[in-house]
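>>> no sequence on this one, just coordinates:
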């Protein structure tokens, strides 16, 4: 189609502000789907996505409206997937910024709006949920116009739920969003903004053609990774796959690559044709690196092969997931996994448990550290147990946190951020009632229950978003936990020197409660290097005998002993000490909930 | 042929709060019918019994609460045995009863003293006073009993270490041939646990050393700690040079076959363990019809008796021959426990060290393959 009649746009919104409902309504109004075919939120296909009401994998749907081809590029709605969001936005010329008129602007509204501005998109503000009695379209419109600098009247007022105003949204896309401006005759270039894996057809790339055109069956190359393959099929989604012979400049569609390995094609890379290769890739490709790491261990060691297979399968659809085998003296065989962020970790964990029916033990998450050793080498450390004890300096990742709260909670937020080594950056009033705060925080302080704390200290009113701001040196130490003199690798942690003592104390106290008494005294210690910073002792048991064997009722006695035996069999051995698995769980949970 | 007979006499004047044995309150009108039923059951099982038994044990309940005439009739109808033990509660031991038991062939009495401290007897809901415990003991001696065992309970709510020391010295003063000292078990669901569970939990740490205190005191007084909870005067200290271990209980601990009669009674015969149903009326009715009582039968699969011989045998101070328990034993665990000084091999046999015996339950659980 002629580029003049193409409009490529995304919908961006804070969670629950109605992005998916609006997408559904657009499909319905444009008769892409009849209402009979309509499932709610068709674009969110995975079970988890539907349940959490968020989009994890972006997709692109083509709809027709008044002689125009509109491509709706769905974006993941969460900070962990910022890179994917920004690639999706790069494939568009415009974005609908959906704001819940009853809630106003939230942290992700800002983050997404800034991303859209960075990508030079035309932003069409949409105030949703105006049918709700508590909606405040005027107030929200004022916040939006402060944010975007336009007139408050520019914001469309709709109800995605009832469909009111949705046609106006489509008209606004045609009128306000610029047509694509690529060079149809230049060497072909297409941006890969998403990919998925089909069991039968291999890797499917979702692309936005910028220049030139692509044809079925021609040889293609991914420019950053150098991967070459044949375009087995080209097409677009509407919302199911519709094969076509050609994708031309300005269009959005999919390419079936036949590749069996997702790691050979990365989001952000540029496709070109071998027959007429482009000289320069499109800007912006970067290798996304996992920033949050945790050990995943099967509760039952027999499930290790199942866990390995499950991770392999998840990885097919999730190139950002990293894993490598890890052996822990306490937890046995498992995997050290790397995630983009906490939500990503939660999603992977839940999918493993739900879709693959695995029972998992997850260690306290930690971040990636840049460590300079005494020998002058720089290494990246993903696992506290691998942190060299002798080191020159450690750098840890920092984030720029953006928090929006009602003004009454500013004190609570400041207190929390101080506890978490946060550095205040900026504060502004969005309205009389609501304040936008920005802080710089170590990511490590955020991965441990920060979000829960934020919510509980603000009665759920705070919204939070962040982006990585780079590495900074920190006064970090490695704390080891020793049981009976043996370090328990799974419990090692890296922590700021100032918190080491309190944290070490809490750990050993908790562990003391959980380790049953043994035949000998068991020392439980927290140590920095060889210096013990906290110690508890589980005293040896002095008696353990069964009582009277009454009237020859030996069976009961045997069963008691066998029960005791079964209990011992479930224990993990740390040196000479028998530790129940629940003990590790309890201590690991210490990092999850209480602090 | 079976050489060990257990007879259960369930009647009691009162059910003590901590008790979870099969008991029946009062019912004096049924004592005669119950003895009839016991004897009928004995006749049904007679074919498996040896003509001459090693041991008979009358347990309860309170065997000595049974109407004296019925108790006498029962004792006289039982086969003869080398050791005949009756459990007795102090408050039931009159001079007449003591004489009756002795005349009927009983040669060993296990006296349920439990404690000599009035406040502790109250907690246990025992009806005896310290004086009645002593009186009962001397009445038994006067009637000619030269083998008396005292039962003590320790770990009673409110019992201090000094209380326990007093109980032990009061018991030793009577110079019994044998002592059984059990820690009070607060079994879940009993009235006792409901009332005292919290107290016991609070005192648990303070009471941890009581078992050691019992063993230290009694062994210092010259008693042999021959089973986890049982102590007897040594052969060399007995004028007649007798082995004063409880032979009937020893039969359990050594894994011998035994026959049990009465409600709730357990028998182990070959690869079968049977447990009579605990209901009195059904028991009486079945035997009145000349039928066996309803009972649970447990097939003891291959290896189970070997495991039992190990777990029971390790309660004794004499080593367990490894040949008899072989496959039930985990050699890796044994090596580790030997290293920790908790178990030891003595020639071709296995025993726990003194330290090992204090934690014998856990050690045994480790040793079982």
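Everything's here; your move. Quantities reported herein were computed from a predicted structural model and do not represent experimental measurements.

>>> CA only for contacts and neighbour counts going forward, please
Noted.

>>> okay, now the residue of the stretch 101-250 of chain A found nearest chain B: neighbour count?
Residue nearest to chain B within the stretch 101-250 of chain A: residue A:199 (47.3 Å; CA to the nearest CA). Neighbour count for residue A:199, taken as other CA atoms under 10 Å in any protein chain shown: 10.

>>> Let me see the contact set for it.
Listed by CA atoms under 8 Å, 6 or more residues apart in numbering or on different chains, the contact set of residue A:199 is empty.

>>> ok, now residue B:22?
The contact partners of residue B:22, by CA under 8 Å, 6+ apart, come to B:10, B:60, B:61, B:263, B:264, B:278.

>>> Which element, helix or strand, includes the fifth one?
So that's residue B:264. Using DSSP states H and E, residue B:264 sits within no helix or strand.

>>> And it, its phi and psi?
Main-chain torsions, residue B:264, degrees, to the nearest 10: phi 70, psi 0.

>>> and the contacts of residue B:22 as JSON lines, adding pLDDT and neighbour count?
Converted to JSON lines, the contacts of residue B:22 look like this (pLDDT from 0 to 100; neighbours: other CA atoms under 10 Å in any protein chain shown):
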{"residue": "B:10", "pLDDT": "93", "neighbour count": "25"}
{"residue": "B:60", "pLDDT": "87", "neighbour count": "26"}
{"residue": "B:61", "pLDDT": "88", "neighbour count": "25"}
{"residue": "B:263", "pLDDT": "95", "neighbour count": "27"}
{"residue": "B:264", "pLDDT": "93", "neighbour count": "25"}
{"residue": "B:278", "pLDDT": "91", "neighbour count": "20"}
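
>>> residues contacting residue B:156?
B:120, B:123, B:124, B:184, B:200.

>>> before we move on, what about residue A:348?
By CA under 8 Å, 6+ apart, the contact set of residue A:348 is residue A:314.

>>> Remind me which helix or strand it belongs to.
Residue A:348 belongs to helix A:342-355, assigned by DSSP H and E.

>>> now residue A:540
With DSSP H and E as criterion, residue A:540 is part of no helix or strand.

>>> Who are the contact partners of residue A:195?
A:203, A:204, A:205, A:206, A:266, A:267, A:317.

>>> Same check on residue B:259?
When contacts are counted by CA under 8 Å, 6+ apart, residue B:259 touches B:2, B:4, B:5, B:6, B:266, B:267, B:268, B:269.

>>> mind redoing it with 7 Å?
B:4, B:5, B:6, B:267, B:268 (CA atoms under 7 Å, 6 or more residues apart in numbering or on different chains).

>>> For it, list each beta-bridge partner.
With DSSP bridges as the criterion, residue B:259 is bridged to residue B:5.

>>> re the thing from before, for chain B, tell me which of the contacts of residue A:195 show up nearby.
Among the contacts of residue A:195, no residue lies close to chain B (CA under 7 Å from any CA of the partner chain).

>>> And residue A:566, how close does it get to residue B:359?
Note on residue A:566: its distance to residue B:359, by CA to CA, to the nearest Å, is 17 Å.

>>> Between those two, tell me which one has more neighbours.
Of the pair residue A:566 and residue B:359, residue B:359 is the one with more neighbours under other CA under 10 Å, namely 22 against 13.
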